[in-house]
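J.: predicted model, plus sequence, below.
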Amino acid sequence: MKRLASSVSAVIAVCIGGSLWAAEPANYPAPRAPEKIYAQTCGYCHGVNVGPVIRGRELPPEVTKAFVRMGPNAMPAFRETEISNEELDALATWLQQSEADPKERGQ
Amino acid sequence: MSGINRRTLLGAAGAIGATAGAAALVNSRMAKGQTVADVNAFMKEMQSIVGEEWAYWDPEGLLPYDKAYVPEPTDQLHPVGAVAPRTVEEVQAIVAAANRFRQPIWPISTGKNMGYGTAVPATPGQVVLDLKRMNRILEVDPDLGTCLVEPGVTYQQLKDYLEENNIPLWIDVPTVGPIASPMGNTLDRGVGYTPYGEHFLFQCGMEVVLPDGQLMRTGMGSIKGSTAWQSFKWGYGPYVDGLFTQSNYGIVTKLGMWLMPEPPAYKPFMIRHPNMEDVPAIIEAMRPLRVSNLIANCNLMMSASYQLSMFKRRDSVVPDGAPLDDASVKRAAKANGLGMWNTYFALYGTDETVAAIEPVVRQVLTASGGEVLTEAEMGDNPWFHHHATLMKGGLNLDEIGMIRWRGSGGGLAWFAPVAAAKGDEAERQTRLARQILDKYGFDYTAAFAIGWRDLHHIIALLFDRSNAEEHRRADTCYREMVSRFGEQGWASYRTGVNTMDLVAQQYGAVNREFNAKIKQALDPNHIIAPGKSGIA
């Protein structure tokens, strides 16, 4: 075990120290606005007959946040790595204040 | 509040408040030989690698990693922690620590393998290695139609990138595209619905962190200065990319893929057949069109019940508790512009090539007893729209609606046995599936994905996971389907974390031993995803 661990560390030291390939661009996506998260995640189900309508219902932000993290029933759970706490706070507040969209359908 | 009922709200209240109940649940089982103290020590080491905020082993932080749709009534499969690195170097450091601490780690990209296990590991006591934060699109070559992505990139992100940069390339999506990742789906050998639908076929080049911490690039990727890493699949010597799909031999940190140039002409079709008994006629008609590549995309041949389950609820078709009989399904299907089987394909090319192929296709499919329909007849029919979107790499999450078909219990397991594309095989499979599902009181909500020469019979086992008896019954039903299909020579191409060992047994002792030898050679401490595809 000890020998393996030390050889693993040595290999990693080589890889990290003498980078084998050129540095890559740091183009991680920026935090997203609530409207964008709604359109690109929530809105694919909620409002199109897949999940219940959630806009215009004054859902308490704490409920929205809990639903997003736990994924009740059919709903997927979303981790902090997918929707950050900062993004989720803004999304939950935006959702509570959002107007109903007459084009949305839910059952 | 339609759809958000009292039980759901109570569940949320539980999650908002103390999650003490979950604490006992989530941390109930350690990996073999591990103690709570070992896991604590490992997770503190994880904090030192990725930062305190990206290592989770408290019940609340682990909650979204524990979401499952598959039947698992013994309630054994829960992660004991999760760690989310940002860089390849952090992944290497985590692997080194996992070796030192003998702590198994379960890599996920976006963890949205819905109905196959989501982010949940295949054995108890693993720490989820959440690669979602590694979400850079590293390269898109508009001329070659290639790209190189990290694990956490979603199909939505890739599509947005192409559109924002006016790059006329398509993506090819599985049915939960917006939230799933090209890497995760490709490594699980998933399929999509454009001509690039067999995802692993269109993969080209990988970077892999091996279990000893070394970083390997496959194909041309290890040649300094090569520009062909994403262009030439085979490299030199043994072709090894397949070893890193549906396996636990390494952690893929970069994946190359080919992207289809947007064709000048795209025309989606639907073939409507009236009877359940039409299965062999459809397959026999489609096969020559697929083998010759006159129809170039992976077709979905959808049963009416599968289609209805996406946008309708079961109690709108038959009363609660009643069997889902063919006459009721047929009535509901007809009211929604559907047949008992609905087969979707598209033609791609130029106006001239589409016009040349269309009469041939129409003649063959009309002779099979089907009505050949296009946008002209189907208009904005939601099912036609769903498939017309998928077949051009468009995004939706319509299929999540299936999980609400029988109520709000949230149970889904895909059973996906493979057969050769022959009508009689499909007919026999349909008969056997319906017999077993009927026996356990579940519905035949199924489709056939018609590949180049194969069929994936995609059977959605939908059940109420919150009902303990039904949960157990779904588990027994699924296992019986695996066993009885296996007796006929039909095994799954892919399965959920709850049945990986069961399916691996069907592929035989020699194959299992071969996989085990490779595992032992590459990962002697068995720290990467033990249990994946039945490999310890």
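T.: Structure received.
J.: identify the residue spatially nearest to A:Leu91, adjacent ones excluded.
T.: Spatial nearest neighbour of A:Leu91, excluding adjacent residues (C-beta to C-beta, 6 or more residues apart in numbering or on different chains): A:Pro34 at 4.4 Å. Placement of C-beta: from N, CA and C, glycine included.
J.: quick one: residues contacting the one you found.
T.: The contact partners of A:Pro34, by C-beta atoms under 8 Å, 6 or more residues apart in numbering or on different chains, come to A:87, A:90-91, A:93-95.
J.: I'd like to know which of those are buried.
T.: A:87, A:90-91, A:94-95 (16 or more other C-beta atoms under 10 Å in any protein chain shown).
J.: can you add secondary structure and give those back as CSV?
T.: Output for the buried ones among the contacts of A:Pro34, formatted as CSV (DSSP: H, G, I helix; E, B strand; the rest coil):
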residue, secondary structure
A:Glu87, helix
A:Ala90, helix
A:Leu91, helix
A:Trp94, helix
A:Leu95, helix
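J.: those: which two are farthest apart?
T.: The largest separation in the buried ones among the contacts of A:Pro34, counting by C-beta to C-beta, is between A:Glu87 and A:Leu95 at 12.2 Å.
J.: ok, the buried ones among the contacts of A:Pro34 vs B:His199, which is closest?
T.: For these, the nearest to B:His199 is A:Glu87 (28.8 Å; C-beta to C-beta).
J.: quick one: contacts for that closest one?
T.: A:Glu87 touches A:31-32, A:34, A:37, counting by C-beta under 8 Å, 6+ apart.
J.: what does B:Tyr155 give?
T.: B:171, B:173-174, B:177-178, B:180-182, B:395.
J.: quick check: which ranges of the stretch 1-150 of chain B have low pLDDT?
T.: Applying pLDDT under 70 to the stretch 1-150 of chain B flags the ranges B:1-28.
J.: what about the strands in it?
T.: B:55-56, B:81-83, B:105-108, B:127-130, B:137-141, B:146-149 (DSSP state E, counting those that start in this stretch).
J.: and B:Gly51, how many neighbours?
T.: Counted by other C-beta atoms under 10 Å in any protein chain shown, the residues lying close to B:Gly51 total 13.
J.: how about B:Asn293?
T.: The burial count for B:Asn293: 10, using other C-beta under 10 Å.
J.: would you tell me which residues of the stretch 51-200 of chain B are close to chain A?
T.: For the stretch 51-200 of chain B, the residues in contact with chain A (C-beta under 8 Å from any C-beta of the partner chain) are B:54, B:60-61, B:63-67, B:82, B:84, B:89, B:92-93, B:95-96, B:99-100, B:102, B:110-112, B:114, B:118-119, B:130, B:132-133, B:135-138, B:152, B:156-157, B:160, B:178-179.
J.: ok, and what's touching stretch B:460-479?
T.: With C-beta under 8 Å, 6+ apart as the criterion, stretch B:460-479 contacts A:73, B:7, B:68-69, B:71-73, B:115, B:306, B:309, B:402-403, B:405-415, B:436-437, B:439-443, B:445-446, B:481, B:498-499, B:502.
J.: pull out the buried residues from those.
T.: Buried residues within the contacts of stretch B:460-479, counting neighbours by 16+ other C-beta under 10 Å: A:73, B:68-69, B:71-73, B:115, B:306, B:309, B:402-403, B:405-415, B:436-437, B:440, B:442-443, B:445-446, B:481, B:498-499, B:502.
J.: name the helices or strands packed onto the strand or helix carrying B:Arg290?
T.: Using DSSP states H and E, B:Arg290 maps to helix B:279-291. Contacts defined by 3 or more C-beta pairs under 8 Å, 6 or more residues apart in numbering or on different chains; DSSP states H and E place helix B:279-291 against strand B:265-273, strand B:299-303, strand B:341-349, helix B:351-367, helix B:423-440, strand B:445-450.
J.: report the buried residues of the first one.
T.: Judged by neighbour count (16+ other C-beta under 10 Å), strand B:265-273 contains these buried residues: B:266-273.
J.: and what of the fifth one?
T.: The neighbour-count check on helix B:423-440 (16+ other C-beta under 10 Å) flags B:423, B:425-430, B:432-434, B:436-437, B:440 as buried.
J.: reformat the residues you listed into CSV and put distance to chain A next to each item.
T.: Below are these laid out as CSV (distance: C-beta to the nearest C-beta, whole Å):
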residue, distance to chain A
B:Gly423, 33
B:Glu425, 32
B:Ala426, 29
B:Glu427, 32
B:Arg428, 32
B:Gln429, 27
B:Thr430, 26
B:Leu432, 28
B:Ala433, 23
B:Arg434, 24
B:Ile436, 24
B:Leu437, 20
B:Tyr440, 21
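J.: and the residues you listed, which is closest to B:Cys147?
T.: B:Ala426 (35.0 Å).
J.: mind pulling up the pLDDT for that closest one?
T.: Looking at B:Ala426, its pLDDT stands at 98.
J.: can I assume it is in contact with B:Ile283?
T.: Yes: with contacts defined as C-beta atoms under 8 Å, B:Ala426 counts as touching B:Ile283 at a distance of 4.8 Å.
J.: now do the shared contacts for these two.
T.: With C-beta under 8 Å, 6+ apart as the test, B:Ala426 and B:Ile283 both reach B:448, B:455.
J.: which residue is the nearest non-sequential neighbour of residue 45?
T.: I'll assume chain A. Closest to A:Cys45 by C-beta to C-beta, 6+ apart is A:Gly51, at 3.8 Å.
J.: hm, I was asking about chain B
T.: In space, B:Glu45 is closest to B:Ala97, 4.9 Å off (C-beta to C-beta, 6+ apart).
J.: how about the one you found, what does it touch?
T.: Contacts of B:Ala97 (C-beta under 8 Å, 6+ apart): B:42, B:45-46, B:49, B:103.
J.: would you mind measuring from it to B:Glu150?
T.: Distance from B:Ala97 to B:Glu150, counting by C-beta to C-beta, to the nearest Å: 21 Å.
J.: kindly report the same for B:Val497.
T.: In terms of C-beta to C-beta, B:Val497 sits 23 Å off from B:Glu150.
J.: again with B:Pro195
T.: Taken as C-beta to C-beta, the span from B:Pro195 to B:Glu150 is 25 Å.
J.: got the phi and psi for the residue of chain A found nearest chain B?
T.: Relative to chain B, the nearest point of chain A is A:Pro52 (2.7 Å; C-beta to the nearest C-beta). With angles defined as degrees, to the nearest 10, A:Pro52 sits at phi -70, psi 150.
J.: low-confidence regions, the stretch 351-500 of chain B specifically.
T.: For the stretch 351-500 of chain B, no range has pLDDT under 70.
J.: distance check, the closest residue to B:Val240 other than its chain neighbours against B:Tyr507.
T.: What sits nearest to B:Val240 in space, not counting adjacent residues and going by C-beta to C-beta, 6+ apart, is B:Thr218, at 5.7 Å. Distance of B:Thr218 to B:Tyr507, given as C-beta to C-beta: 24 Å.
J.: who has more neighbours out of the two?
T.: Ranked by neighbour count (other C-beta under 10 Å), B:Thr218 and B:Tyr507 place B:Thr218 first, with 25 against 15.
J.: that one: what's it in contact with?
T.: Applying C-beta under 8 Å, 6+ apart, the residues contacting B:Thr218 are B:205-208, B:235, B:240-241, B:244.
J.: among the residues you listed, which ones are in strands?
T.: B:205-208 (DSSP state E).
J.: could you export these as TSV, including pLDDT and neighbour count?
T.: Listed next are the ones in strands among the contacts of B:Thr218 as TSV, based on pLDDT from 0 to 100; neighbours: other C-beta atoms under 10 Å in any protein chain shown:
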residue	pLDDT	neighbour count
B:Gly205	98	25
B:Met206	98	26
B:Glu207	98	24
B:Val208	98	22
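J.: can I get those in CSV with distance to B:Pro323?
T.: Conversion of these to CSV gives the following (distance: C-beta to C-beta, whole Å):
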residue, distance to B:Pro323
B:Gly205, 50
B:Met206, 48
B:Glu207, 51
B:Val208, 49
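J.: of all these, which comes closest to B:Gln363?
T.: Distances from B:Gln363 to the ones in strands among the contacts of B:Thr218, taken by C-beta to C-beta, are shortest for B:Gly205, at 41.9 Å.
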